[in-house]
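Trainee: Can you look at this prediction? I've put the sequence above it.
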Amino acid sequence: MPPRPELPVSSANPGPGPHLELTLQEIADLKEVFDLMDKDKGGTLSIDEVKGLMELLGMKVRQEELEAMIAEIDNSGDGNIDFNEFLQVMAKPQDLPYKKADVMRAFRLFADRDAPQGCISPEALERALVQYCSGKVPEEEIMRLVNTLELNQEGYIDFSRKVNLFLNK
C-alpha cells in the first residue's frame, strides 16, 4: 500500500481534530475532478461551477443553500473554493443517498461486455451520459468531460478506482 501523506491544511483555517490523509494517487484523482469542474481554468471553483456540477448530478439546490455551502468550505473568504479547500471537503466521509454497490452496478450496466472489470470505455460512458443527461447537460460538455478523463494503458476509464475514492470513506 502506498504511503498516506498528511493532507495539507489551509493556513487560513488549520482546524482542530484529526488530520485527514490521502494517498498521492487519491490526491491526483481529486485534482483531475477539480480540474474538470474548473471550467474557466482559474484555479478555483466559483459558485456557478459548483452549481453546474450539482445540476449535472441531478441535485436541486437553492441559491441561498449553495451560498451557505460555499461559505462553509471557503476558508480564505474569497467566495471561491481552491484545491486545498476542495481536498478538505472531499477527504471527509460523505453521507450520500446511494451506496457504492449501486454506483458500481450502474457503471457495469453501461460498460461494454468486453471491457476489463472495473473499467468503461470513453465511448460507452459518453453514450450513457448523453442518454441519461439529455436536456440537462449539453452534448459538447459531456464530450469535454469524457475527453478529459484519464485512461488506463488499455484505453479505458477505471471507474472502480474513482468510485472507491469517493465512496470508500
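Mentor: Great, that's in hand. Numbers count the residues shown, from 1 in each chain.
Trainee: C-alpha only now, for contacts and for neighbours.
Mentor: OK.
Trainee: what's the longest helix seen in the chain packed up against?
Mentor: Ordering each helix of the chain by length in residues (DSSP state H) puts helix 24-37 first. Secondary-structure packing of helix 24-37 (3 or more Cα pairs under 8 Å, 6 or more residues apart in numbering; DSSP states H and E): helix 47-56, helix 83-90.
Trainee: can you tell me which of those helices the model trusts least?
Mentor: Across the helices and strands packed on helix 24-37, helix 47-56 has the smallest mean pLDDT, namely a mean of 80.
Trainee: Could you give me the buried positions within the following helix or strand past it?
Mentor: Once the chain leaves helix 47-56, the next helix or strand it forms, by DSSP states H and E, is helix 63-73. Using 16 or more other Cα atoms under 10 Å as the test for burial, helix 63-73 gives 66, 70, 71, 73.
Trainee: just the residues you listed now: which is nearest residue 22?
Mentor: Proximity of these to residue 22 (Cα to Cα) peaks at residue 73, which lies at 18.4 Å.
Trainee: separation between the closest residue in space to the closest one that isn't next to it in sequence and residue 74?
Mentor: Distance criterion Cα to Cα, 6 or more residues apart in numbering; nearest residue to residue 73, sequence neighbours excluded, is residue 85 at 6.3 Å. Using Cα to Cα, to the nearest Å, residue 85 is found at 7 Å from residue 74.
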